[in-house]
Each structure stands twice: as C-alpha cells, then as structure tokens.
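Colleague: Sequence and predicted model, in that order:
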Amino acid sequence: MALEPRPLGRSGLTVSAFGFGGGPIGNLRRAISDEAATATVDAAWDAGARYFDTAPLYGHGRSEMRLGAALRHRPRDEFVLATKVGRLLRPPRSRDFERHGFVDTPDCEVVYDYSRDGALRSFEESLARLGLDR
C-alpha cells in the first residue's frame, strides 16, 4: 500500500507522504537484532513508506547495512533513499571514542570531512555499506 507520492522539491523525485528514519535500526539508545530491524523496515514498507533516511553516523554504519539488506530485494525504482555525507568511519585511535547515543556499534571513529573529496568518499562508502548502486 503505497501512499500518494509527493514531489521532493524540484529534484524530479517523488516520495511517500511519510518516510522512515533509520536511526533506531542503528541501535539508537538500545540494541535491536538484525531480524527486528528487517521486520521494522518491512512494516514501514507495508504501511506505505517509500522514502528512507539513514546516515553513516547511525550506529557507525549499522543502520546503512541493515537498511540496505532490508531493501536490496525491492525494486530500486520504487523507493528513494537518502544518507548523509561528510562523516567518514575510521578505525579508532583509542578505545575512548564517541558513540553518539548509539549502543553496540562497530568500533570506529567518526571523522568529519566536508571537503569535495571527503563527501565523495563518504558517498561511495555509504553505497558499499548499503550494498546498492545508487
């Protein structure tokens, strides 16, 4: 059951009337299983969501990995997926790194890089975690 699509600004894209925010499936404030994350994304899809938002920061990549796994079998032209750029996930320099409210995250440090190269690197790394080509 897809909701009536709406234009996304002047991008030429249309999105569902409501979207899915991927923070919680990145273990925001509490850990959930991969199965629960997939069931949550499936429930959002069944309710009509076709706009999905995530970020490298959400669970240090866990949200992107889970969202990609849950959406990968769906026709790519049936949903819009947004992520953020400028945040690179790197091996931590110490055991004392910020988790930004996420629990049970992969051990990595978030490095902020909003340069052109940093944004492109961030985008490519997000696509790899999502397992999607766009």
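Modeller: Yep, that arrived.
Colleague: List the contacts of stretch 115-134.
Modeller: 54, 56, 61, 64-65, 67-69, 71-72, 76, 81, 83-89, 113 (Cβ atoms under 8 Å, 6 or more residues apart in numbering). Heads up, the C-betas are built off the backbone N, CA and C, glycines and all.
Colleague: Also stretch 97-110?
Modeller: Contacts with stretch 97-110, where a contact means Cβ under 8 Å, 6+ apart, come from 26-31, 56-62, 87-93.
Colleague: Could you identify the buried members of these?
Modeller: Buried members of these, scored by 16 or more other Cβ atoms under 10 Å, are 26-28, 56-62, 87-89.
Colleague: thinking again about what came up before, sitting in helices, which of the contacts of stretch 115-134 do you find?
Modeller: Applying DSSP state H to these, the entries found in helices are E64, M65, L67, G68, A69, L71.
Colleague: For T14, state which of those residues is nearest.
Modeller: Relative to T14, the closest of those is L71; by Cβ to Cβ it sits at 17.0 Å.
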